[in-house]
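**Q** Curious how this folds, go ahead:
(4 chains)
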2 protein chains.
Amino acid sequence: MPTKKYDKNQIDHMIADMPENELSDLADLFKVFGDSTRLRILYSLFRGEKNVTEICEDLGMGQSAVSHQLRVLKGNKLVALRKEGKSSIYFLADDHVKTIIAMGKEHIEE
Amino acid sequence: MPTKKYDKNQIDHMIADMPENELSDLADLFKVFGDSTRLRILYSLFRGEKNVTEICEDLGMGQSAVSHQLRVLKGNKLVALRKEGKSSIYFLADDHVKTIIAMGKEHIEE
DNA sequence: TGTTCATATGAATATATTATCATATGTTCA
DNA sequence: TGAACATATGATAATATATTCATATGAACA
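**A** Predicted coordinates:
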């Protein structure tokens, strides 16, 4: 499978004629990234899949808060999970998560 | 100037070892994209620079609400402006805006 | 079966955010 | 200068959001 690349010309074309309702969906997606707890969860999973307890330890946060945010992330298809005994093992759902984070990172570093 | 490209390997490397405070800045940036009024403004400016009145007309929103959001966008360096007579002409500040929107768009379309 | 561990979820509170209204600032031009 | 226009901004009210607390669900296993 070839590595996917993005260049500016493709991007201009990609954005043109975006309908109003799609913009609204897009805002909802970015809203999910716009919370540092959720972003820290994503970043934690970027370093490897984890169960809920491990995520809590990694973030130093309570189980309930983390579960609530995992629910949001899952609802937006940014993470997925598999059950393993008593545990739920969460992992990043696709590579767009990484790409979006990388783009944002590049922006703030300038 | 060569067209910039991004591939998955670069991206993995880009994200590795991101410090905690940078994640917080990143969440703040995404928060800016996570509002449909602001996203509509960005999209409007993607189609061409505009003064405040024109943006208001394009969005069908009041001047005050738009100005408040332009302030947020400007504070985050996503738009810039030049003064021209009585008008402030706003435009997209850089190409990352487009890239970030394109990545998000691609995600929601799957 | 009953206890423990792991996770999910509902309700409530505290905080943040957005649009509106009113007004201030600044520019143009008669 | 002062009237008209364009934009910016402060305060407020309405809404949305996140965390906490309490509790429910479900699996493993003695």
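**Q** so what's residue A:61 up against?
**A** Residue A:61 makes contacts with residue A:37, as judged by C-beta atoms under 8 Å, 6 or more residues apart in numbering or on different chains. (C-beta placed from N, C-alpha, C; glycine too.)
**Q** Secondary structure class of it, three-state.
**A** coil (DSSP: H, G, I helix; E, B strand; the rest coil).
**Q** Now it. Its backbone dihedrals?
**A** Main-chain dihedrals, residue A:61, degrees, to the nearest 10: phi -130, psi 160.
**Q** Which of the three states applies to residue A:91?
**A** strand.
**Q** Tell me what it is bridged to.
**A** Beta-bridge pairing for residue A:91 (DSSP bridges): residue A:80.
**Q** Any regions of chain A where pLDDT drops low?
**A** For chain A, applying pLDDT under 70 flags the ranges A:1-6.
**Q** Which residue, other than its chain neighbours, is closest to residue A:26?
**A** Excluding the flanking residues, the one nearest residue A:26 by C-beta to C-beta, 6 or more residues apart in numbering or on different chains is residue B:104, at 4.9 Å.
**Q** ugh, wrong one, I meant residue A:12
**A** Nearest to residue A:12 is residue B:98, by C-beta to C-beta, 6+ apart, at 6.7 Å.
**Q** so how far is residue B:82 from the one you found?
**A** Applying C-beta to C-beta, to the nearest Å, the value for residue B:98 to residue B:82 is 20 Å.
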